[in-house]
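Enquirer: Below is the sequence, then the predicted model.
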Amino acid sequence: MDIYTYLKKDHRLINDLIEQVLNSKSPTGREEIFDEIKQEFLVHAETEQATFYSAIKDEDDTRENIEDATDEHEDIKDILRQLSKMSANNEKWLVLFGELKQAIEHHVQDEETRIFDKAKEILSEHDANQLALDMDRMKDEFLDRHAA
């Protein structure tokens, strides 16, 4: 599996979890699924930046896109922090969750089009496959660190 397929798999997982929150009638259920989204996103963002972004960030064709994508990660983390401080029973929580959904959708769209297209011109097939392996290993390490 190459890094593009790996990242798309992550993106689809988070999107599926978002839809589960939106379809949940229970505030407690929404909060439990939100906790999964938060963990998945945080591990995704950290490991993506350390592997995929790091591999292409110094190229002229991708530098600005990677800076924008990193800023978007920070914006999404900020929304996650705000949501974590609120109850899903609060109407404002659902409004803010809608903003989270939009921010993630925008980020995924940019990444899967602009960044992937340029990265495919830079990375060899071998490098793309190795980055997926590296990201998977880093995710395991991240989860081990945060489970302790």
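Expert: Thanks, I have it.
Enquirer: Can you say which helix or strand has the residue positioned nearest the centre of the chain in it?
Expert: For the chain, the residue nearest the mean C-alpha position is Phe41 (4.3 Å; C-alpha atoms, centre = their mean). Here Phe41, judged by DSSP states H and E, is contained in helix 27-48.
Enquirer: May I see the buried residues of that helix?
Expert: Using 16 or more other C-beta atoms under 10 Å as the test for burial, helix 27-48 gives 30-31, 33-34, 37-38, 41-45, 47-48. C-betas here are computed from N, CA, C, even on glycine.
Enquirer: What are the boundaries of the helices in this structure?
Expert: 3-23, 27-48, 54-56, 63-84, 91-110, 116-122, 125-147 (DSSP state H).
Enquirer: Determine the set of other helices and strands touching the shortest one.
Expert: With contacts taken as 3 or more C-beta pairs under 8 Å, 6 or more residues apart in numbering; DSSP states H and E, helix 54-56 sits against helix 116-122.
Enquirer: For Ala69, give me its contacts.
Expert: Ala69 is in contact with Tyr53, His107, Asp110, Glu111, Ile115, counting by C-beta atoms under 8 Å, 6 or more residues apart in numbering.
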